[in-house]
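Trainee: quick check, what structure comes out for this input:
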Amino acid sequence: MERVLCVALSLRGSFAEKNAVWGVVWYAALGMISQGPVSRSVAVVRREQERALRVLRMVCTSGALVHTAMGVSFLLMGVRWLAAFNIFSVVVFIVSFILVGRGGVVLPSALVLAEVVLHQSLAVTATGWGYGFQYWLIPAAATAFVTPGTRLRQGLIAMLIALTTYAVLFAFYSQTGQLVKPGAIGWTLIIINHVGAALLTCLIVYMLARVSNDVEGRLEVEHRRSENLLHAILPMSIAERLKDGRTTSEGVDPATVLFADLVGFTHWAERTSPEVLVKKLDTIFGAFDEMAERLGLEKIKTIGDAYMVAGGLPGTRSDHVIATAQLALEMLTYLEKHGNGLTMRIGIHTGPVVAGVIGKRKFAFDLWGDTVNTAARMESHSEPNKVHVSETVAAALGEGFVLEERGMVDVKGKGLMKTYWLVGKRG
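Mentor: Now for the predicted structure:
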């Protein structure tokens, strides 16, 4: 502490005597800047440091140029000792620039803050309150908060230092007016100090507003992206329930379930490269996804080369049996044109199901119940390039589709069932 007092008292004239106590506070607070708060991810810290380095390079470069011009101005005004101090200021900015080039942030930031506080204080003691050098302390207090990587505590400490300096100068020098008679250069400095400090403060506010708007805009984009992703995985009604913390399971009666399975896919996959295999599946199932969405149906999942769709779920169309039959026919038509020899078995059944989300980390929307099992049996008992439907589906389709009675089929787990082939749509 004694060493700090000696440094403070060694400053020029009465200013040091009046501000020795403040010098102790400033020195102690400046040392606290290097104490970082809660650690964050390495990637975030690295990005913030890179942005802080860019800002500091700009500050150091502009500071060195400005203080060079200011030193010449003070020399022409006859304040030689303050002109000499500006040489010291230029050296500080050059050293800070070198430290920034080596990846430093805390030390060059502290040096720049110390230079601004000390330089404005000495300028006020030399030229008086009327020149307005003290006004640069106001934007200096705010600058810490817009410097990337600045923590709240560090910004508050820097603000405390700058505003305390301003308060001390006001207490002792607010009535001094202009101690140096302003010529053309002096009036230029007065205008620059009064207007420039105000413009810089406005610029900082603008930067804060722009950053705030940018962050809000990015958050909105990310929110929409997450919403779209969630709705792509889950039906909208289920997604809304999941976000609200409500139960995500419900009974649906009736619902229509379609199962489709590529015939001969395993043999084809054995003689096809993985890249071509995945690309082909993605093309086929992507086309099916577009068809299902257009017809107001809900894709449930893909299992290997099998595809599952449902209609009648909340948010889908009410005539889901007709829409599902239409989808089945369009799927077969698409494979005939773009399947490269692949064919498909399709089965459809309608009835009550239970729909819901399972899993804690990776959510999966699925259906359960006898209707699902029966639809799967309709598919497994179907034939290539044919749509196999239950008697319930045939009755629901009515006269709008061409159906061909298949007869009684011994369905595993169900026994004998009367089933039909869906041939096409009338008209």
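Trainee: any weak-confidence spans in the stretch 251-400 of the chain?
Mentor: Along the stretch 251-400 of the chain, the model assigns pLDDT under 70 to residues 315, 359-360.
Trainee: those helices in it, which residues are they?
Mentor: Applying DSSP state H, counting those that start in this stretch to the stretch 251-400 of the chain gives helices spanning 265-270, 274-294, 320-338, 370-380, 391-397.
Trainee: now do the contacts for P182.
Mentor: For P182, the contact set (C-beta atoms under 8 Å, 6 or more residues apart in numbering) comprises Y131, L189, I190. All C-beta spots, glycine's among them, are computed from the backbone N, C-alpha and C.
Trainee: pick the most deeply packed of the helices of the stretch 251-400 of the chain.
Mentor: Compared across the helices of the stretch 251-400 of the chain, helix 370-380 shows the largest average neighbour count, a mean of 22 (mean count of other C-beta atoms under 10 Å).
Trainee: got the angle between that helix and helix 320-338?
Mentor: Here helix 370-380 runs at an angle of 30 degrees relative to helix 320-338 (axes from the mean of the first three to the mean of the last three C-alpha atoms, to 10 degrees).
Trainee: what sits up against helix 370-380?
Mentor: With contact meaning C-beta under 8 Å, 6+ apart, helix 370-380 is reached by 254-255, 257-261, 306, 345-353, 388-390, 411-414, 419.
Trainee: still on that earlier bit, how about the helices of the stretch 251-400 of the chain, which one is nearest L76?
Mentor: Closest to L76 of the helices of the stretch 251-400 of the chain, according to C-beta to C-beta: helix 274-294, at 74.6 Å.
Trainee: from what I see, D253 and P352 are in contact.
Mentor: Yes - the pair D253 / P352 is scored as a contact, 3.8 Å apart, by C-beta atoms under 8 Å.
Trainee: buried stuff in stretch 402-409?
Mentor: For stretch 402-409, the neighbour count (16 or more other C-beta atoms under 10 Å) marks L403, R406, V409 as buried.
Trainee: which SSE is the second one in?
Mentor: Using DSSP states H and E, R406 falls within strand 401-411.
Trainee: got the angle for the next helix or strand along the chain from that strand vs helix 370-380?
Mentor: Downstream of strand 401-411, the first helix or strand assigned by DSSP H and E is strand 415-425. For strand 415-425 against helix 370-380, the angle by the same axes, to 10 degrees is 70 degrees.
Trainee: what packs against strand 415-425?
Mentor: helix 320-338, strand 386-390, helix 391-397, strand 401-411 (3 or more C-beta pairs under 8 Å, 6 or more residues apart in numbering; DSSP states H and E).
Trainee: what's in contact with the last one?
Mentor: By that I understand strand 401-411. Contacts to strand 401-411, defined as C-beta under 8 Å, 6+ apart, come from residues 322, 325, 374, 377-378, 381, 388-389, 394, 397, 416-426.
Trainee: partners of it, with directions?
Mentor: strand 415-425 (antiparallel) (DSSP bridges).
Trainee: list the buried residues in the strand it pairs with.
Mentor: Burial within strand 415-425, assessed by neighbour count using 16+ other C-beta under 10 Å, is assigned to M417, T419, Y420, W421, L422.
Trainee: distance of the first one from G369?
Mentor: Spelled out, it's M417. Separation of M417 from G369 (C-beta to C-beta, to the nearest Å): 17 Å.
Trainee: what do you get for the fourth one?
Mentor: W421 sits at a distance of 25 Å from G369 (criterion: C-beta to C-beta).
Trainee: and the last one, by the same measure?
Mentor: In this structure, L422 lies at 22 Å from G369, with C-beta to C-beta as the measure.
Trainee: again with G196
Mentor: 75 Å.
Trainee: do H320 as well
Mentor: From H320 across to G369, the span is 16 Å (C-beta to C-beta).
Trainee: and what of L403?
Mentor: Using C-beta to C-beta, we find L403 at a distance of 24 Å from G369.
Trainee: what residues does the closest residue to E330 other than its chain neighbours make contact with?
Mentor: Nearest non-adjacent residue to E330, counting by C-beta to C-beta, 6 or more residues apart in numbering: M291, 5.3 Å away. Neighbouring residues of M291 by C-beta under 8 Å, 6+ apart: L327, E330, M331, Y334.
Trainee: give me that answer again for 10 Å
Mentor: Contacts here follow C-beta atoms under 10 Å, 6 or more residues apart in numbering; on that basis M291 touches L297, K299, V309, Q326, L327, A328, E330, M331, T333, Y334.
Trainee: closest to G71 among the residues you listed?
Mentor: Proximity of the contacts of M291 to G71, judged by C-beta to C-beta, is greatest for K299, which lies at 72.4 Å.
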